[in-house]
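> Next one to model:
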Amino acid sequence: MASNNTNNSTNQSLTHELLSRAHSPDSVNRIYSDKIQHRPLFLKPTSPPPSNARDARRKSRVEKQRRLKALKPKPLSARQRRKLGLYDVPKSGQKYAVFEPLNQLWLGYIREVLGSELYTGGQGAAAKLSAADFHGAKVEVSRSSCPSRVGIQGIVIKDARFVFEIITAKNQIKTVPKEGTMFRISVPPVQQENTIASAEDRKPFTFEIHGDQFQYRSADRANKKFKPHFLEKL
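Reported below is the predicted structural model:
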């Protein structure tokens, strides 16, 4: 107890000495009693410093990622999408007239992809068609290992990995496997106004797809390089 009183008196004398350098004795006593002696000291509790700063930053980063992941919804899996019927065409939409505008959009798309090769064909056109998307194309089954499929015509509404889903003019959806099937597609040339086109220019650009070589999704075909192979079934 005596040591505390001694320390307080020492601190008081040092404070008075410092204040006396700039103020009169009366001002020193007043300033000390008003602003120093009875001034409350507010203490704020602080957390103890982490034992390892790197671990503390890592834990903070992991916690932040966990909170963001909890707020972000997870994408649906393929099984969940099939269960919800997201891939199915509703009964009200199973009409050929609904997909005719899609066919017109596809014709504009494939003409832009082919460019001048729409009239010449060749290996350049084959390479572009191999990577093209056929959603909206009007196709016809020209040959198939199953004779009942030959002659099916319609617009492709789904270009899946192993099948083409086609809607016919009778508003029927046909699922045609690509394996063992050949599809014929015709692309009419653009009719230009105020020009007289020759008979050769008016012919549509017709080609056939070998379904055995097209057993890929349209998104996967975009970056795939096809190599020529000998086809035994031809």
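> Break down this protein into its strands, ranges please.
In chain order, the chain shows strands spanning 138-144, 153-159, 163-167, 173-177, 181-187, 205-210, with DSSP state E as the criterion.
> which other helices and strands contact the third one?
So the one you mean is strand 163-167. Judged by 3 or more C-beta pairs under 8 Å, 6 or more residues apart in numbering; DSSP states H and E, strand 163-167 is in contact with strand 153-159, strand 173-177. In short, each C-beta sits where N, CA and C put it, glycine included.
> and the angle for the shortest one with strand 163-167?
Going back to what we said before, that points to strand 173-177. Using axes from the mean of the first three to the mean of the last three C-alpha atoms, to 10 degrees, the inter-axis angle of strand 173-177 relative to strand 163-167 is 160 degrees.
> List the neighbouring strands of strand 173-177 plus their orientation.
In the sheet containing strand 173-177, its partner strands are strand 163-167 (antiparallel), by DSSP bridges.
> Show me the contact partners of the partner strand.
Counting by C-beta atoms under 8 Å, 6 or more residues apart in numbering, strand 163-167 makes contact with 89, 94-96, 99, 134, 139, 152-158, 173-178, 183, 211, all of which sit outside it.
> Just the buried residues of the residues you listed.
Burial by neighbour count, judged by 16 or more other C-beta atoms under 10 Å, picks out 89, 99, 134, 139, 152, 154-158, 174, 176-178, 183, 211 from these.
> before we move on, the earlier item: nearest to residue 107, of the strands of the chain?
Residue 107 sits nearest to strand 181-187 of all the strands of the chain, at 6.4 Å, using C-beta to C-beta.
> Report the central residue of this protein.
Central residue check for the chain by C-alpha atoms, centre = their mean: the C-alpha nearest the mean position is that of residue 75, 10.7 Å away.
> and the gap between that one and residue 163?
Look at residue 75 and residue 163: by C-beta to C-beta, to the nearest Å, they are 24 Å apart.
> Then residue 119?
Following C-beta to C-beta, the distance that separates residue 119 from residue 163 is 32 Å.
> The two: who's more crowded?
When residue 119 and residue 163 are compared on other C-beta atoms under 10 Å, the one with more neighbours turns out to be residue 163, at 17 against 13.
> Let me know the pLDDT of the more buried one.
In this prediction, residue 163 carries a pLDDT score of 90.
> cool, residue 154 as well?
At residue 154 the predicted local distance difference test score is 93.
> Next, the contact list for it, please.
96, 138-139, 166-169, 174.
> Which single one of the residues you listed is nearest to residue 39?
Of all these, residue 39 sits closest to residue 167, with 86.4 Å by C-beta to C-beta.
> Quick one: the helices in the chain, in order.
With DSSP state H applied, the chain shows helices at 2-20, 25-31, 53-71, 78-84, 96-114, 117-120, 123-130, 218-221, listed in chain order.
> what about the residue nearest to residue 111 when sequence neighbours are not counted, neighbour count?
Leaving out its chain neighbours, the residue that sits closest to residue 111 by C-beta to C-beta, 6 or more residues apart in numbering is residue 118, at 5.9 Å. Neighbouring residues of residue 118 were enumerated by other C-beta under 10 Å; the total is 18.
> Also residue 19?
Taking other C-beta under 10 Å as the criterion, the count of residues near residue 19 is 19.
> so what's the closest residue to it other than its chain neighbours up against?
Computed as C-beta to C-beta, 6+ apart, the closest residue to residue 19 that is not its neighbour in sequence is residue 28, at 4.4 Å. When contacts are counted by C-beta under 8 Å, 6+ apart, residue 28 is found next to 16, 19-20.
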